[in-house]
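Participant: Sharing a sequence plus its predicted fold:
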There are 2 protein chains.
Amino acid sequence: MSKPTLALIGATGAVGTVMRELVSTREDVWGEIRLVASARSAGKVLRVRGEDVVVQALAPEVFDGVDVAIFDVPDEVSAEWVPVAAARGAIAIDKSGTFRMEPDVPLVVPEVNPLEARNRPRNIISTPNCTTLSMMAAIGALHAEYTLKELVVASYQAVSGAGVAGPARLYDEIEALAGDRTVGQSAGDVRKALANKLEGDSPFPAPIAFNVVPWAGSYKDGGWASEELKLRNESRKILGIPDLKVSATCVRVPVVTTHSLAVHARFEREITVADAHRILEAAPSVVLMDDPANGVWPTPIDVVGTDPTYIGRIRQAVDFPNTLDMFVCGDNLRKGAALNAAEIAELVATEF
Amino acid sequence: MSKPTLALIGATGAVGTVMRELVSTREDVWGEIRLVASARSAGKVLRVRGEDVVVQALAPEVFDGVDVAIFDVPDEVSAEWVPVAAARGAIAIDKSGTFRMEPDVPLVVPEVNPLEARNRPRNIISTPNCTTLSMMAAIGALHAEYTLKELVVASYQAVSGAGVAGPARLYDEIEALAGDRTVGQSAGDVRKALANKLEGDSPFPAPIAFNVVPWAGSYKDGGWASEELKLRNESRKILGIPDLKVSATCVRVPVVTTHSLAVHARFEREITVADAHRILEAAPSVVLMDDPANGVWPTPIDVVGTDPTYIGRIRQAVDFPNTLDMFVCGDNLRKGAALNAAEIAELVATEF
């Protein structure tokens, strides 16, 4: 059995960079690894598994002989090229939102629904949005034993969720405002200071330093942001609960990387904090940090750059039956993006 | 009818400073205004209504002839001195947590339950915690017409909620980290950088720059933080709904001043976004900012330093009947603290 050939499409982006690190440091199940990007980046030389690899321009031929292709590209690029890869025989693992809700494309989180990866009539597997993924390993483990009925979620989303321009903008704003020990104390002062000191557009619809911004994604009917509906629809599909009740409010915060979520989860039957601890301590890819009397709970800066989903602040809701309140953190560029795609790729690599 | 005499106890603190500004700029209903603080601050000269006033040390005699005394001091100072003021004939308006849940002390938000201010057998009126207050004018208006049944809240709390040390620490951390364009990208790097560059303790249990911290207040049974239980218990008392279901997760964010809340609110009957808009546009002390298709919603830096409660992102929950999801911002030092106390004081001033 020869090792399968992997292609990374979008190898030069924020997630692509983490992806190259992951395939270089995880167990090496791959034969050839091809790096693919836009024509603009073609010819660049990047390191993978300690070797130099020349980036190829995206074209139909780059998929010849490829067994597994991981796409981390904008929605419209995925819409065009994922079917090309699949038609040429590659199993296409797509990070974009394009195919996630298609009924004949599985949406896979290996800790939750690994068998779905085999059910791929179009040879396409989607990987979820980073916000959904940030909680799914933990929520999936609780659901497996207690059956989830409702989720009310508020997010604290990192700026790198908006791509490499996100951290650049946050660092720019922090540098522009640092040293002013009155900023953030009168309406609009942050906007005025930034207008005087910073050129260029922000990827965010409002200043993000010293602020929180209650908007992520594009506008949808009913006043919803696309990120909020993704969290609802993707959670339903991954967990296999078509009638799961979900409400989410997505808010961007001045954190570089790692999304956090306040989760209010109702289950079919009574669940105690001790029950949740027992399940989450045993759950794969989950780290329980829950000893608030001793100041133990996860925060973004303490877990960024690592693989697991971290969970703490688990409380039995005082007034709601069968309900837990929790706080979850996950690196949006790792489990939230590159890692989940790599894990799906490793799952299907066992078929070769 | 002579104008009543007002005493401000804790006149030199963060809230006290805002309080002096408020009584200097709002309609002047007061006769004499006395400034009172700890012995350490006695003798200081501070400006009120454009005049210099000498700060007096807290002692029983400072309450002689006082009609209304506003206390913004630590819980234990309130516990000792609020009854002294009341015994000497002053109506004591207390910002601390000491008396809020006492059955014979009203907990007043003038927009919501103004009549309660007259029902004060102990001559004491409490004003709520800043997190509760940040949403109460808006939630109270909706409750008055649609009857609130459940609240699930996640907070984005500003550092000034921890007193003057909060903003000082955030500014210190931002200055120490600004210019490092890699910070916040690997686990613990923020802690290491701060340990090298900053002396002194933080009022927060974890770094707050480039971070969010899921803890506010002291430890309570069941893993709850005191701030979360205050939000529950105070909301029930202010709204007069003893069986209101409430779950809250309180999270500190790197915002200087103005608390934000993601609120999931279930009512007794169906309520549309249009219904909510109609009510909130007419509600006193509430500003509706809700046109997300055009990027209109409140953020802390846009409303800090102003009096109203701002509300936006109002959505009818897709899966939950009779339920709205919303985002609320309010200045925790103004309506969240000094302003509500000033409004209560003005309410009782009409009795003189």
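Facilitator: Yes, it's here.

Participant: Now that A:V15 has come up, it's in contact with A:A337, right?
Facilitator: Yes: applying CB atoms under 8 Å, one finds A:V15 in contact with A:A337, separated by 4.4 Å. All C-beta spots, glycine's among them, are computed from the backbone N, C-alpha and C.

Participant: Pull up the overlap in contacts between those two.
Facilitator: Taking CB atoms under 8 Å, 6 or more residues apart in numbering or on different chains as the contact definition, A:V15 and A:A337 share the neighbouring residues A:72, A:95.

Participant: Now look at the worst-scoring helix or strand of chain A on mean pLDDT and say if it contacts chain B.
Facilitator: One helix or strand of chain A scores below all others by mean pLDDT, DSSP states H and E: helix A:14-25, with a mean of 90. No: when contact is scored as CB under 8 Å from any CB of the partner chain, no part of helix A:14-25 falls within range of chain B; the minimum is 10.6 Å.

Participant: Report the backbone C-alpha coordinates of the longest helix along chain A in PDB.
Facilitator: Determined from DSSP state H, the single longest helix within chain A is helix A:130-146. C-alpha atoms of helix A:130-146 as PDB (Å, rounded to 0.1, in the frame of the first residue of the first chain):
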ATOM      1  CA  CYS A 130     -14.300  28.000  13.100                       C
ATOM      2  CA  THR A 131     -16.900  29.200  15.600                       C
ATOM      3  CA  THR A 132     -18.900  26.000  15.400                       C
ATOM      4  CA  LEU A 133     -15.700  24.000  15.600                       C
ATOM      5  CA  SER A 134     -14.500  25.800  18.700                       C
ATOM      6  CA  MET A 135     -17.100  24.100  20.800                       C
ATOM      7  CA  MET A 136     -18.000  20.900  18.900                       C
ATOM      8  CA  ALA A 137     -15.700  18.300  20.400                       C
ATOM      9  CA  ALA A 138     -16.900  19.200  23.900                       C
ATOM     10  CA  ILE A 139     -20.600  19.700  23.100                       C
ATOM     11  CA  GLY A 140     -20.600  16.500  20.900                       C
ATOM     12  CA  ALA A 141     -19.200  14.400  23.800                       C
ATOM     13  CA  LEU A 142     -21.900  15.700  26.200                       C
ATOM     14  CA  HIS A 143     -24.600  15.200  23.500                       C
ATOM     15  CA  ALA A 144     -23.500  11.500  23.000                       C
ATOM     16  CA  GLU A 145     -24.600  10.700  26.500                       C
ATOM     17  CA  TYR A 146     -27.300  13.300  27.500                       C
END
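
Participant: Show me what that helix is packed against.
Facilitator: With contacts taken as 3 or more CB pairs under 8 Å, 6 or more residues apart in numbering or on different chains; DSSP states H and E, helix A:130-146 sits against strand A:148-156, helix A:226-239, strand A:259-267, helix A:273-282, strand A:286-288, strand A:309-316, strand A:323-330.

Participant: These into JSON lines, with extra columns for distance to A:V54 and mean neighbour count?
Facilitator: Output for the helices and strands packed on helix A:130-146, formatted as JSON lines (distance: least, CB to CB, whole Å; neighbours: other CB atoms under 10 Å in any protein chain shown):
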{"stretch": "strand A:148-156", "distance to A:V54": "39", "mean neighbour count": "25"}
{"stretch": "helix A:226-239", "distance to A:V54": "35", "mean neighbour count": "22"}
{"stretch": "strand A:259-267", "distance to A:V54": "34", "mean neighbour count": "26"}
{"stretch": "helix A:273-282", "distance to A:V54": "44", "mean neighbour count": "16"}
{"stretch": "strand A:286-288", "distance to A:V54": "38", "mean neighbour count": "21"}
{"stretch": "strand A:309-316", "distance to A:V54": "36", "mean neighbour count": "26"}
{"stretch": "strand A:323-330", "distance to A:V54": "33", "mean neighbour count": "27"}
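
Participant: Which among those is found nearest to B:A158?
Facilitator: Proximity to B:A158 (CB to CB) singles out strand A:148-156 among these, at 14.1 Å.
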